[in-house]
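Asks: Fold the stuff below for me.
(chains A and B)
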Amino acid sequence: MKRIAISLAALTLGAVAAPLGALAEIAPGDVQFDDYGAVETSLTGSSGNADEGRKIMTEKSLGNCVSCHAAEAYADVPFHGEVGPWLDGAGSRWTEAELRGLVINPKKTFEGTVMPAFYKVDGFNRPGDAYTGKAAPADLPPILSAEQVEDVVAYLMTLKDE
Amino acid sequence: MKMKNTLRTVCTVRTVAALTALVLAAPAFADEDAELVINGEIEIVTKTTAPAHLEGHLDEILSGWRFRSDETQAMEMDDFDNPGMLGAEAGFEQFETVMGSEGKSCMDCHDGVESLANVRPTYPKWNDDKEAVYTIQMQINDCLTERMGAEKQKYDSKTMLNFEAALASVSRGMPVNVAIDGPAQSTWEQGKEMYYTRFGQLDLSCANCHEQNYGNMIRADHLSQGQINGFPTYRLKNAQLNGAHGRFKGCIRDTRGETFSPGSPEFVALELYVASRGNGLSVEGPSVRN
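Replies: Residues are numbered from 1 along each chain as shown, chains lettered A, B, ... in the order given. Predicted coordinates:
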């Protein structure tokens, strides 16, 4: 929570005093994908926190990845979905850059995939304001912040094959 | 049609006791081979060959009943265990109630709800006079305002859903058979396009979940084909009858999308298209779902 509060404060400040963000985050519109959909550079310029990433992936109010993806790695969390592939071993099957690309916008890797993009703010059909059913605000935030994406990537990298 | 009561009271009590014992084991999975017979007499087709227009998309169509737990399934097998039938009963009463300035009830023009058994299976349907595809609720509103001098009812309101439940209840067991050609075709095409269009920040179409992933779990929910042959539906989640448009509204909202309103032209078109995906399944409303 503290980390989120700090990053919100930083965002608010950032809007007023941009130069403060010396380690500027990469904005959703500025992400560079390679030809296969991978994203080499950390969105925050540093590594994420894997523990935080696990929380984001398994909580409905955050990333809610568990809704579609099952894994032994978080077997303590009830009701894993079956829509996407199992995530055990994801950190062995993919590189960090590939995983980052998949979380940011998986359609760059798998065209037509059902999976949503978690760090994208435009190009949607009738975007809404979260789950209210109302129209999105002009400054629609991404589903996950840059820091949260890096946290998820850090956690996925811990899911190695036995 | 008053329900045939007393005989079933004993077995209802027994069922309720069994249900209470089972309810804790959620999410329980449906018996894939279970067949639905209501009140021991109305045979319901919950699985059949897909209509021709779904070629290349689905081979088989399945009622949402098949995706529900044993205990939820059981609630629909007897009218006394089906809370949606209370809405249908209220609908029967509304049908006989004088409403509006003309001093008429529905009975002034119609020979009882049963005489309208062919309505639910064929709606939404092209209305020649209005030159538009009409849902049942639109037609009811025309009767209320144009024939009875009564107030228009809000789309998916309790009164409307009660009417709709009554009409569905007398059609149970009859195959859904909405027309998709002729004058209704362009509306049907519009609904079809909508079904395959992604909405919202989650960028999901109806098909992403209900065609590509039916049978899979999404968290604790067992994804169905999204068939609407069972509408209006009594949902355990909100303990009331729900209309198809209300469910559509919730689905688009859940894509993190700007949704549409019940009764909107978009949802009328979508209702026609989704209904047509269930052509061949039995009318099942008022059904019971999660």
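
Asks: Contact partners for A:Ala71?
Replies: For A:Ala71, the contacting residues are A:80, A:86-88, A:159, by CB atoms under 8 Å, 6 or more residues apart in numbering or on different chains. Backbone N, C-alpha and C define where each C-beta goes, glycine included.

Asks: Nearest to B:Asn213 among those?
Replies: Nearest to B:Asn213 out of the contacts of A:Ala71 is A:His80 (CB to CB; 14.3 Å).

Asks: check contacts around that closest one.
Replies: By CB under 8 Å, 6+ apart, the contact list for A:His80 reads A:66, A:69-71, A:74, B:217, B:219.

Asks: and which of those is nearest B:Tyr273?
Replies: When the contacts of A:His80 are compared for distance to B:Tyr273 (CB to CB), B:Met217 wins out at 25.8 Å.

Asks: For A:Gly84, see how far away the closest one is.
Replies: 11 Å (CB to CB, to the nearest Å).

Asks: Show me which residues of stretch B:169-180 are buried.
Replies: Using 16 or more other CB atoms under 10 Å in any protein chain shown as the test for burial, stretch B:169-180 gives B:169-174, B:176, B:178-180.

Asks: Mind listing residues that contact it?
Replies: With CB under 8 Å, 6+ apart, stretch B:169-180 has contacts from B:1, B:38, B:42-45, B:53, B:85, B:88, B:91, B:113-114, B:116-126, B:184, B:188, B:229, B:272-273, B:275-276, B:278-286.

Asks: Those: which ones sit near chain A?
Replies: Among the contacts of stretch B:169-180, proximity to chain A is found for none (CB under 8 Å from any CB of the partner chain).

Asks: centroid residue for chain A?
Replies: For chain A, the residue nearest the mean C-alpha position is A:Val149 (3.3 Å; CA atoms, centre = their mean).

Asks: Could you look up the SS state of that residue?
Replies: helix (DSSP: H, G, I helix; E, B strand; the rest coil).

Asks: now the one 5 residues further on
Replies: Secondary structure assignment for A:Ala154 (three-state DSSP): helix.

Asks: For the contacts of A:His80, point out the one with the lowest pLDDT.
Replies: Least confident of the contacts of A:His80 in the model: B:Arg219, at 92.

Asks: Find the nearest non-adjacent residue to that one, please.
Replies: In space, and not counting its chain neighbours, B:Arg219 is closest to A:Ser67: 4.4 Å by CB to CB, 6 or more residues apart in numbering or on different chains.

Asks: Could you check how far that neighbour is from B:Glu93?
Replies: As for A:Ser67, its distance to B:Glu93 is 42 Å (criterion: CB to CB).

Asks: Could you list the low-confidence segments of the chain?
Replies: No chain specified, so I'll use chain A. Across chain A, the ranges flagged by pLDDT under 70 are A:1-23.

Asks: my bad, the chain I had in mind was chain B
Replies: B:1-32.

Asks: For chain B, just list every one of the helices.
Replies: B:9-22, B:70-75, B:84-96, B:119-122, B:136-142, B:158-169, B:185-195, B:206-210, B:244-253, B:265-277 (DSSP state H).

Asks: can you list the residues of chain B near chain A?
Replies: B:27, B:197-204, B:208-209, B:212-213, B:216-220, B:223, B:249, B:252-259.

Asks: Please spell out the PyMOL selection for the buried subset of these.
Replies: Filtering these down to the buried ones (16+ other CB under 10 Å) takes a single PyMOL command:
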select buried, chain B and resi 198+199+200+201+202+203+204+208+209+213+217+218+219+223+249+252+253+254+255+256+257+258+259
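
Asks: Hmm, B:Cys206 and A:Val114 touching each other?
Replies: No. Between A:Val114 and B:Cys206 there is no contact under CB atoms under 8 Å: 11.9 Å.

Asks: Comparing these two, which residue is more hemmed in?
Replies: B:Cys206 (23 against 20; other CB atoms under 10 Å in any protein chain shown).

Asks: interface residues of chain A facing chain B?
Replies: Residues of chain A that fall close to chain B, judged by CB under 8 Å from any CB: A:60, A:64, A:66-68, A:78-83, A:107, A:114, A:116-117, A:120, A:124-136, A:140, A:143.

Asks: out of these, which are buried?
Replies: The buried subset of the residues of chain A next to chain B - by 16+ other CB under 10 Å - is A:64, A:66-68, A:80-83, A:107, A:114, A:116-117, A:120, A:124, A:126-128, A:133, A:136, A:140, A:143.

Asks: before we move on, the earlier item: give me the ChimeraX select line for the contacts of A:Ala71, limited to the buried ones.
Replies: The following ChimeraX line selects those of the contacts of A:Ala71 that are buried, judged by 16+ other CB under 10 Å:
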select /A:80,87,88,159
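
Asks: can you tell me how far B:Ala220 sits from B:Gln73?
Replies: Counting by CB to CB - B:Ala220 and B:Gln73 are separated by 17 Å.

Asks: do the same with B:Gln240
Replies: For B:Gln240, the distance to B:Gln73 equals 20 Å [CB to CB].

Asks: count of neighbours near B:Asn279?
Replies: Neighbours of B:Asn279 using other CB under 10 Å come to 21.

Asks: Without its sequence neighbours, what residue ends up closest to it?
Replies: B:Pro51 is the one closest to B:Asn279 (CB to CB, 6+ apart), at 4.2 Å.

Asks: what about the one you found, distance to B:Glu60?
Replies: 11 Å.

Asks: Going by how many neighbours each has, rank the two and give me the top one.
Replies: Shown here are B:Pro51 and B:Glu60; by other CB under 10 Å, B:Pro51 has more neighbours (19 against 10).

Asks: Can you give me every residue that contacts that one?
Replies: Counting by CB under 8 Å, 6+ apart, B:Pro51 has contacts B:61, B:276-277, B:279-280.

Asks: Would you point out which residue is most central in chain B?
Replies: B:Phe231 (1.1 Å).

Asks: quick one: that residue and B:Asn242 touch, right?
Replies: Yes. With contact defined as CB under 8 Å, B:Phe231 counts as touching B:Asn242 (7.4 Å).

Asks: Endpoint to endpoint, stretch B:103-113 covers what distance?
Replies: 19 Å (CA to CA, to the nearest Å).

Asks: Against A:Leu87, how distant is A:Leu156?
Replies: With CB to CB as the criterion, A:Leu156 and A:Leu87 are 7 Å apart.

Asks: A:Thr113 - nearest residue in space that isn't next to it in sequence?
Replies: A:Pro106 (5.1 Å).
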